[in-house]
Structures are given as structure tokens and as C-alpha cells.
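Novice: Got a predicted structure plus its sequence, pasted below:
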Amino acid sequence: MQLSDYDFDLPQASIAQEAAEPRDRARLLQHFLAQDRSVHGCVADLPDALRSGDLLVLNDTRVRPARVFAQRSSGGRVEFLFLGPALPAGSRVWQTMVRPARKLRAGECLAVEGQRFQVRAVERGVDEDGQPNALWSVELLDGEGQVLDDAGVESACEAMGQMPLPPYIQRGGGEDPRHVTDRTRYQTVYASEPGAVAAPTAGLHFTPELLKRLQARGVRTTYVTLHVGLGTFLPITVEDPSQHPMHAEWYRVPAETVEAVAACRERGGRVVAVGTTSVRALESCASNGELRAEEGLTRLFLHPGCTLNCVDGLLTNFHLPRSTLLLLVSALTGRERLLDLYAEAIDRGYRFYSYGDAMLLLP
């Protein structure tokens, strides 16, 4: 397995800049693995694509409006992406990804644009080899100069932050009206557990009406939580992907989900994960066909050669070349078949990445 084996050419025009409206009108490439057969439609067709007794597993993480812009005293503009509280818990220090990171100095205070808050730089992060990176631990101060606790930072981000859209989705400055739309559109309709800095994008296609139609069809739903974190921004930088170090992300598989999976098996249904994050949460605590209720940090990296112990099918968007997400899907399909499906999707004008169309892989 080599990283260069997971490359493909994608026209710039194929990268979705706006989400489909309504959500379930996004296109859907259904592929049946045993028959090596594809069907083309839209996400609204899911009730017909699935069977009564199947189980959909959705990730209920909620995206934090984590992107905050601040000004240095020199006038320079700095972007902070609030990833989460730093350890130890309760220290009121948050880990952020910063652009540009190299000009900041420890102790420097920056005024948040259009707000009464300030960001104070505490310490720059370093890689395992001791080299400085783009991470900074920071404190967020209110108008009286008091350091906010974790709940205060969460509340402030909700009030002033922008959604952390991937860089390939182009937006204008802070006055771009699409920032308002993104606050709703870059969030699943069932998001309930705050903590992600990127959306579980396969779930963006669901509407309340579609969920009701699935229920009427006899398709059950259950939830896991995986807070998409820094790892989603980190590319694979080694030619042997199995040597890629995955960043830890917090997840939870509750007891009721374990029970729902067991009931699905008993009735002969299929466990279909909605998104790669749901796959990683399930497979992080599944072995020998048995699923356990767990929560904690996962660094699980699924790629060709890995066995999936829990998941039978997958609803997923189309992913970046050379990415961990592409390799995860390849673990289910095989490399050649997946690249063939991607070529077919490009030829047929499917839209790629976070706001793009979807693919349903079924056994």
C-alpha cells in the first residue's frame, strides 16, 4: 500500500461550494458490492434503497462555530480555530490552530474583531521532533479582562464565531451573507453534542421528513458521538499510509446503540454507518463481531487490510485524494473499485467533498 496509489484528478468545478437544497436532493450513487452494480438517484431515495430492519448509525456531534478573527496591535489579522479545552481540565486554556502562527508571542493580547473579547497567547505547540507548529494554547478574556471558563468560551464562540468550513469552500469576508447560512447548513439536523470542529458531512443530507420516511419504511436509527477534531485537517505525509499517526478524537458508543446493533443482527438487518466518523466510533469498540459500550479517545486508522467488525454498509460523501477518509472507504470497497466509482462520479458530474453529493455502499 502506497499513498500515491490513492491519488486521482478532480476538476476544480467538481468541488461543491454550496450545499444542495433541500438537503436530501443531493445526488446519490448507490453501489452494491456483491453485484458490482451501481444505481444513480438522490438521497431522498434512501427509504427505497434500504430494507425494513436495517439500522442507520448517525453521529450526533455538533459543530462549534470555532473560527475567530482577531487583530494584533500592529494591525495584523490572525485566525484562531478553537479546537477544545487544553489539559488539565478546568485550566481555562484552550488549544487553537492559528494562521499565521509564527508571528505570535507568548503573553500577546489580540482584540477579537467587532467584539469586546481578547485572545491572549499562552504557549506555542511543538511537534514530536520539537519543531514549532501551528497550534497555540490561548486564553479568551471578556471585556473586563477576566479569563473565561470552558462554558464561557463555548458561549462566546456561539455568539461570535464562524463555522469552520474547509479551505476548499470559498467564502468572502465577514460580511459574506453565506456565513449566516453556513451556521445552519454546515450542521446536521440531529446535532446535539457540542465539540466538533468539522461536520460529519454524510449526515448533512438528512432532513426531519427523510428520517420520518425511513422510520415508516422500518429502517431504525441510533446514534454515536465522535467529535471531529484536528485530525481531519492533517494530511498523510508518509508514502506508507499505515505509518500515518492519527490524531486522537473523543467518541462515545452508548449502551442503547450496542443494544440496537444486537437487535439488528437478530432480525437479519444490516448495520449502515452514516459517515466515516460513525464507522470509526463503532469499530473503535468492536472486535470479533461484538460491540461494547465505550467512550474515550480513538486513534483508529482504518485502511485496506483492516477488517470491519461491525459495519455492513456505509453512506459517505466523496473524499479528498490521499486522505485517511479515502483509505477508510477503500477498506470496504478495495482500491481499484473505489477509484473506478470516483471516476464514474466525476464523469457524471457528481459534486465532491463536504457540501457535495453522496455514495451508498451496500453488501
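Specialist: That came in fine, so what should we check first?
Novice: Tell me the strands beside the lowest-mean-pLDDT helix or strand in the chain, with direction?
Specialist: The weakest-scoring helix or strand in the chain, judged by mean pLDDT, DSSP states H and E, is strand 286-287 (a mean of 90). Sheet pairing here is set by DSSP bridges, and for strand 286-287 it gives strand 290-291 (antiparallel).
Novice: hey, where'd the helices end up in this structure?
Specialist: Shown for the chain, the helices assigned by DSSP state H span residues 46-49, 150-160, 178-185, 208-217, 255-266, 276-284, 324-333, 335-347.
Novice: Dump those helices to CSV, plus distance to Gly229 and mean neighbour count.
Specialist: C-betas here are computed from N, CA, C, even on glycine. CSV is the format used below for these (distance: least, CB to CB, whole Å; neighbours: other CB atoms under 10 Å):
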stretch, distance to Gly229, mean neighbour count
helix 46-49, 28, 19
helix 150-160, 15, 16
helix 178-185, 19, 16
helix 208-217, 26, 14
helix 255-266, 21, 16
helix 276-284, 10, 28
helix 324-333, 13, 23
helix 335-347, 25, 16
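Novice: Could I get the ones you listed in JSON lines, plus columns for distance to Gln95 and mean pLDDT?
Specialist: Converted to JSON lines, the helices of the chain look like this (distance: least, CB to CB, whole Å; pLDDT from 0 to 100):
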{"stretch": "helix 46-49", "distance to Gln95": "37", "mean pLDDT": "98"}
{"stretch": "helix 150-160", "distance to Gln95": "11", "mean pLDDT": "95"}
{"stretch": "helix 178-185", "distance to Gln95": "23", "mean pLDDT": "94"}
{"stretch": "helix 208-217", "distance to Gln95": "34", "mean pLDDT": "98"}
{"stretch": "helix 255-266", "distance to Gln95": "29", "mean pLDDT": "98"}
{"stretch": "helix 276-284", "distance to Gln95": "20", "mean pLDDT": "98"}
{"stretch": "helix 324-333", "distance to Gln95": "20", "mean pLDDT": "96"}
{"stretch": "helix 335-347", "distance to Gln95": "34", "mean pLDDT": "98"}
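Novice: Nearest to Leu315, out of the ones you listed?
Specialist: Among those, the nearest to Leu315 by CB to CB is helix 46-49 (7.8 Å).
Novice: packing partners for the closest one?
Specialist: When contacts are defined as 3 or more CB pairs under 8 Å, 6 or more residues apart in numbering; DSSP states H and E, helix 46-49 packs onto strand 27-32, helix 208-217, strand 358-362.
Novice: what number of residues lie near Asp36?
Specialist: Using other CB atoms under 10 Å, Asp36 has 10 neighbouring residues.
Novice: Excluding chain neighbours, what is closest to it?
Specialist: Arg337 (7.2 Å; CB to CB, 6 or more residues apart in numbering).
Novice: Distance check, that neighbour against Gly152.
Specialist: Separation of Arg337 from Gly152 (CB to CB, to the nearest Å) stands at 49 Å.
Novice: Leu360 now?
Specialist: Leu360 is 42 Å from Gly152, by CB to CB.
Novice: Flag the shaky bits of the protein, pLDDT-wise.
Specialist: Filtered on pLDDT under 70, the chain yields the residue ranges 232-233.
Novice: do that again at 90, thanks
Specialist: The model of the chain has pLDDT under 90 over residues 1, 87-90, 127-129, 172-177, 230-237, 241-247, 287-290.
Novice: Now tabulate the helices and strands packed on helix 46-49 in CSV and tack on distance to Ile236.
Specialist: Converted to CSV, those look like this (distance: least, CB to CB, whole Å):
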stretch, distance to Ile236
strand 27-32, 25
helix 208-217, 34
strand 358-362, 21
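Novice: Many thanks, we can stop here.
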